[in-house]
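**Student:** Need coordinates for the below:
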Amino acid sequence: MSMVEIKALGYGKGLIKGEALVTHEPITFNNGVDPTTGNVIEVGHHLKGQNITGKILVFPVGKGSSGGSYVIYDLADRGLAPAAIINTRGDTVIVTGCVMGKIPFMHRCDKDPVETIATGDMVEIEPEKGIIRVYKK
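**Tutor:** Numbers count the residues shown, from 1 in each chain. Presented below is the predicted three-dimensional model:
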């Protein structure tokens with residue numbers, strides 16, 4: 001199993017490990033993710049029907065209204081949030097939701113995470129150190 005290391009800016013503490021769920025498409029949490037199940041419900045989205053709970057969710061950027069921050073918080077409050085979120089670039093909706101829900105978050109990576117990480121890869125992040133380790137499947 002090969003390992004790739006990515007340097008990034010991070011929010012959160014500790015060592016977070018999990019299986020990656022990756023999409024090249026932006027994600028909207030407001031009406032795009034069901035806060036009672038953690039399932040992606042956005043019509044036509046690549047991840048429609050997938051569950052994000054406990055995953056290291058990797059996508060380029062968020063989209064949609066500021067209500068998405070509250071959906072992310074609601075997911076965290078219900079124990080249905082991703083273990084962490086990695087974006088190519090953070091936006092205010094995703095970052096605010098992660099801060100409110102205490103979900104580790106990484107962005108501004110030295111390698112494009114959407115191109116470097118694949119669904120099913122095992123990922124470790126250390127937000128305080130700005131390190132993402134990807135163990136290729």
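**Student:** Name the SS class of residue 109, please.
**Tutor:** coil (DSSP: H, G, I helix; E, B strand; the rest coil).
**Student:** Quick one, grab the pLDDT at the nearest residue to residue 22 once chain neighbours are set aside.
**Tutor:** What sits nearest to residue 22 in space, not counting adjacent residues and going by C-beta to C-beta, 6 or more residues apart in numbering, is residue 58, at 4.3 Å. Just so you know, the C-beta spots here come from the backbone N, C-alpha and C atoms, and that holds for glycine as well. pLDDT recorded at residue 58 is 98.
**Student:** What is the neighbour count of residue 58?
**Tutor:** Applying other C-beta atoms under 10 Å, we find 28 residues neighbouring residue 58.
**Student:** which ones are touching it?
**Tutor:** 20-23, 85-87, 113-114, 117, 123 (C-beta atoms under 8 Å, 6 or more residues apart in numbering).
**Student:** Right, I'll leave it there.
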